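A.B. asks: Predicted coordinates and the sequence they were generated for:
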Amino acid sequence: MFSQIPLSLVLINVGGFLALVGFFAYAIDDPTFNLIGFFYGIPLFLGGLALKSAELEPVPFTKLTPANLIKLRDEQATPTLHQIRKDVTRFRYGQEAHLDLALEKLGLAPSDDDRPILRGLQESEVGGAYALTLQFYSPFMSLDVWQEKREKIAKFFGPGVDATIEPDEDKEEINLTLIVDRTPVAVAAA
């Protein structure tokens with residue numbers, strides 16, 4: 001719940017209120033509230049403005065997740081898939097884009113200008129398994145490059161995860177679907 005409230009907005013509002021109280025206290029010659037406004041209000045307000053300039057908004061869900069998928073997520077999703085969903089659906093500070101480090105390590109972000117941008121996310125069921133689809137706006141990265149990296153992507157977000165890549169030609173988007181691998185692991189004979 002609190003991840004949906006931007007910290008920058010809280011600091012701007014609290015700092016702005018305290019600064020206004022400080023200016024009002026200065027006008028009526030009240031040194032106690034004057035100091036509170038100037039020593040706490042103004043720095044909080046400026047800190048909020050600084051955070052606002054480095055703010056990265058949460059990625060929206062493109063489809064509402066029904067209750068049966070939430071149950072499937074709770075039963076099957078790997079810790080990595082949970083972490084991805086939580087990270088991209090909250091406000092972030094000091095990052096250029098969501099999953100920017102992951103994209104760099106996977107070789108999908110040759111430069112800041114060519115980096116795919118995560119625009120949406122969606123949860124679904126694929127063959128009885130939980131799946132998380134990341135919708136990237138990727139006009140500078142061809143589908144062939146994404147397809148070449150498919151196995152590397154699955155290993156990066158694994159273990160226990162497979163990846164599929166599908167284009168959305170109209171919007172220059174790539175849908176990267178991370179699917180929980182439900183195949184049983186063979187146990188070696190002793």
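C.D. replies: That came through fine. These figures come from a predicted structure and were not determined experimentally. Numbering: from 1, shown residues only.

A.B. asks: got any ranges where this protein has weak pLDDT?
C.D. replies: In the predicted model of the chain, residues 1-3, 169-171, 182-190 satisfy pLDDT under 70.

A.B. asks: surely residue 98 meets residue 56?
C.D. replies: Yes: taking contacts as C-beta atoms under 8 Å, residue 98 lies within contact range of residue 56: 6.6 Å. Any C-beta I mention is one placed from the backbone N, CA and C, and that applies to glycine too.

A.B. asks: who touches both of those two?
C.D. replies: Residues touching both residue 98 and residue 56 (C-beta atoms under 8 Å, 6 or more residues apart in numbering): residue 92.

A.B. asks: Could you list every helix and strand that the helix ranked longest in the chain packs against?
C.D. replies: Counting residues, the longest helix found in the chain (DSSP state H) is helix 7-27. Helices and strands touching helix 7-27, by 3 or more C-beta pairs under 8 Å, 6 or more residues apart in numbering; DSSP states H and E, are helix 31-36, helix 42-53.

A.B. asks: any idea which residue of the protein is furthest from its center?
C.D. replies: Here the centre of the chain is the reference, and by C-alpha atoms, centre = their mean the most remote residue is residue 29, at 47.1 Å.

A.B. asks: for this protein, what spans make up the strands?
C.D. replies: Using DSSP state E, the strands of the chain run over 55-56, 92-93, 117-126, 129-137, 161-168, 173-180.

A.B. asks: how about CSV for those strands, with distance to residue 36 and mean neighbour count added?
C.D. replies: Formatted as CSV, these follow (distance: least, C-beta to C-beta, whole Å; neighbours: other C-beta atoms under 10 Å):
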stretch, distance to residue 36, mean neighbour count
strand 55-56, 27, 16
strand 92-93, 26, 16
strand 117-126, 41, 18
strand 129-137, 46, 22
strand 161-168, 52, 17
strand 173-180, 49, 21
